[in-house]
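Asker: Got a sequence here, can you build the structure:
(chains A and B)
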Protein chains: 2
Amino acid sequence: MELFNVVTREEAWARLEPYILPVNRAQVIAVEEALGRVAAKDVTSLENVPSFPRSAMDGYAVRAEDTFGSSESLPSCLTVVGEVRMGAQADIEVGPGQAALIHTGGMMAKQADAVVMVENARIVDTETIEVVRAVARGENVLRVGEDVKEGDIVIAAGSVVRPPSIGVMLAAGITRIEVFDRVRVALISTGDELVPPDTRPGPGQIRNTNAYSLAGLAVEAGADPVRMGIVKDQREHLLATCQRAMQEADIVAVTAGSSVSTRDLTADVIQELGSPGVLVHGVSIRPGKPVILACIEGVPFFGLPGNPSSCMITFSLFVTPAIQKRGGYDRLPGWHHLQAKLTRNVPSVSGREDYVTVKLIEKDGEVWAEPLFAKSNFLSAMREANGVARIPLNRGGLSEGEDAFVRLL
Amino acid sequence: MELFNVVTREEAWARLEPYILPVNRAQVIAVEEALGRVAAKDVTSLENVPSFPRSAMDGYAVRAEDTFGSSESLPSCLTVVGEVRMGAQADIEVGPGQAALIHTGGMMAKQADAVVMVENARIVDTETIEVVRAVARGENVLRVGEDVKEGDIVIAAGSVVRPPSIGVMLAAGITRIEVFDRVRVALISTGDELVPPDTRPGPGQIRNTNAYSLAGLAVEAGADPVRMGIVKDQREHLLATCQRAMQEADIVAVTAGSSVSTRDLTADVIQELGSPGVLVHGVSIRPGKPVILACIEGVPFFGLPGNPSSCMITFSLFVTPAIQKRGGYDRLPGWHHLQAKLTRNVPSVSGREDYVTVKLIEKDGEVWAEPLFAKSNFLSAMREANGVARIPLNRGGLSEGEDAFVRLL
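Answerer: Predicted coordinates:
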């Protein structure tokens, strides 16, 4: 029955990956709106940060040489000539034998070249301190541009904008950023048995739910889903819908009816659309074996199984990284992968990579994955699922307490 | 200098947590728009799924008794009377000694009570198959309601709507869901040295960036940030802004100037706002020791250090879980925590929990955390940071290759 040649997941991705190129559309948006977007160009600092020499500690601005040799038993005595105001030009001058009270972030007082931490200064009276530890020149002081220099790259092309990078860009004077357009993912559901979710199914019919779960995964991967509706298992209708999808989107995913005839239809239609056509038909994973990976004139195409959990798992394995690469990420972020200990044994067979839906839980400060065993076409097993654990290719399963890789669902 | 009593992170959270109650506002929205929202009530299925007896496999619908005793050497011979059409009432009747071709998801033919998998049927001619393995009654058939029964809970109150639950709800006939309103988090930045990000700082001034990084963390935690702007270090102004924030938001976070005087001002003002007031002032973590946890008439209040990485770390440790609890989550999701091996030794001291910003990378199929050592007030260390690793309380650090807990930043 199975006319396709099964390859490993790595081999499957290696065949498709070279065909996936970043979208060549970008837009300039406010940095504060850029969370999760991908920088289209290197962004360089417009300024030195800090722009003035700044205290890194609460303490006293001093001339370092006045503290040389100071210790608990032999402190240096300095005269406090004032307090540096925050947010203002330092108007205090520190002469020999003098010190000025300064707060973290305060502009260094004139003539001062180091800061004695407050913990190392004993207050003798309102005008006098004893320094019990020497400071070197420049100690506890941030020099102009020491943090970020004018022209330094603050976020590299292909990086995802995360909360810390928003802070760094704004600090460096950057308020607008050029980001790649969000990738558009067309979702086509095929199957004579499907009706829209708001329609009560008749005998033999079921609701089209895959397009909606997959839309959620697409959003979480940073893409805009484009639902193309339901297509009956008719060659001409599927072909026309795929052609329209290629016009409207950057990636196309077809969830097939799960019968063999429908799978063949999807592969045939994709092959007819253009070149290079179907690259992979069949991957040694369970569930998800009949998956199709293809590319048509720059648009990655995926044929996913129709079974609800199989289509989510194969989407996560292949479409999510395709979204990321097409979206301009220079490297695939590792952080949507996590390791978790299995709460029980999961059997498998050698030569096949198994994926098991799991519920992630925290136990004694550790992350555990509880396998939700059930026939893979059971929705009920998915009610609590928030991840899918990988049982590696050439292991006969994993044991309770062993670490498994988990992708979030 | 430190008038506050330092407690552990666990103790700090244990003092605040009982005061955090879910927002009592909810709204009904479309299931397809509910990704990431929290169910306000248990949602029960309106229907049986499947609503008709359905084949779980590609194969042949048969009467099980006709296959009893079948084996490779002694197959049963059955007459194929037709093919069950997908998406339609089963109009074929399977009599004794008969079989009907059926696809996964197809409605069971009349009188048939089991499905022989296609792998266990040999095609003799267009009208005849040989069954080489017996099937029991009900084998490879999903009974009405076997997956989800009418009245079953498909998503429990307090659960986050994830892509799989969207699929399950739609399959069960649910197209609208009541979800808690998103939590509103007011962000107040204090400091005489702060200017808005689009203003060029004068001598001694820096841009207010914290409100924008924290807004990003708030969005990722599922909240709506409300930026309240910059407040000078003046008691009356801060008090008035906090009062306004309490009206407009469900949680208030004040990022303080990092000087001791400013920290005291924040604590004093919070204490004056109402009861129970300040619950924690000082936690045995680094960075983040001077953090303030408080609650004023049902509104959790946080005083966070002004240093960019310290305020993100303390936000992630305390404000993120507060958003989740206030947002109605019945349990804190474990999956924003992950374990990663450290790429090098990280020293620490006993009695203090250290947090180190890290860059997560994937190496040989494992997640590694590369510590980005730098003075904690260096922005440049944050450019590549996408996580923060925890060095536990009573360990003198962690070694290269050891697992650390990492929160995403």
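
Asker: Would you map the helices across the stretch 51-200 of chain A?
Answerer: Along the stretch 51-200 of chain A, the stretches classed as helices by DSSP state H, counting those that start in this stretch are A:163-171.

Asker: Residue ranges in the stretch 251-400 of chain A under the pLDDT threshold?
Answerer: A:257-263, A:331-337, A:374-377 (pLDDT under 70).

Asker: One more: the stretch 1-150 of chain A?
Answerer: In the stretch 1-150 of chain A, residues with pLDDT under 70: A:1-4.

Asker: Tell me the residues of it that contact chain B?
Answerer: With C-beta under 8 Å from any C-beta of the partner chain as the criterion, the stretch 1-150 of chain A meets chain B at residues A:1, A:31-32, A:35, A:49-52, A:56, A:58, A:85-90, A:103-107, A:118-119, A:142, A:147-148. Where you see a C-beta, it was placed from the backbone N, CA and C, and this is true even at glycine.

Asker: Could you rerun that using 7 Å?
Answerer: A:1, A:32, A:35, A:49, A:51-52, A:56, A:58, A:86-90, A:103-107, A:118, A:147-148 (C-beta under 7 Å from any C-beta of the partner chain).

Asker: Show only the entries of these found in strands.
Answerer: Using DSSP state E, no member of the residues of the stretch 1-150 of chain A next to chain B falls in strands.

Asker: Measure how the longest strand anywhere in chain A sits relative to helix B:163-171, angle-wise.
Answerer: If you go by DSSP E, chain A has its longest strand at strand A:353-363. Angle, strand A:353-363 to helix B:163-171, by axes from the mean of the first three to the mean of the last three C-alpha atoms, to 10 degrees: 100 degrees.

Asker: Direction included, what does strand A:353-363 pair against?
Answerer: Note on strand A:353-363: by DSSP bridges, its sheet partners are strand A:285-286 (parallel), strand A:366-371 (antiparallel), strand A:387-391 (antiparallel).

Asker: Quick check: buried residues in whichever strand or helix holds A:Val280?
Answerer: Of the helices and strands defined by DSSP states H and E, A:Val280 is found in strand A:276-281. Under the neighbour-count criterion of 16 or more other C-beta atoms under 10 Å in any protein chain shown, strand A:276-281 has A:278-281 buried.

Asker: Farthest-apart pair in those, please.
Answerer: By the measure C-beta to C-beta, A:Leu279 and A:His281 form the most distant pair in the buried residues of strand A:276-281, at 8.4 Å.

Asker: quick one: pLDDT of the closest residue in space to A:Gln89 that isn't next to it in sequence?
Answerer: In space, A:Gln89 comes closest to B:Pro203 once its chain neighbours are excluded; the distance is 4.0 Å by C-beta to C-beta, 6 or more residues apart in numbering or on different chains. Note on B:Pro203: pLDDT of 92.

Asker: what about the residue nearest to A:Leu279 when sequence neighbours are not counted, is that helix, strand or coil?
Answerer: Closest residue to A:Leu279 apart from its sequence neighbours, by C-beta to C-beta, 6+ apart: A:Arg15 at 4.6 Å. Assigned by DSSP: H, G, I helix; E, B strand; the rest coil, the conformation of A:Arg15 is helix.

Asker: how many other residues sit next to the closest residue to A:Glu139 other than its chain neighbours?
Answerer: Excluding the flanking residues, the one nearest A:Glu139 by C-beta to C-beta, 6+ apart is A:Ala114, at 4.6 Å. Neighbour count for A:Ala114, taken as other C-beta atoms under 10 Å in any protein chain shown: 23.

Asker: same question, A:Ile313
Answerer: 26.
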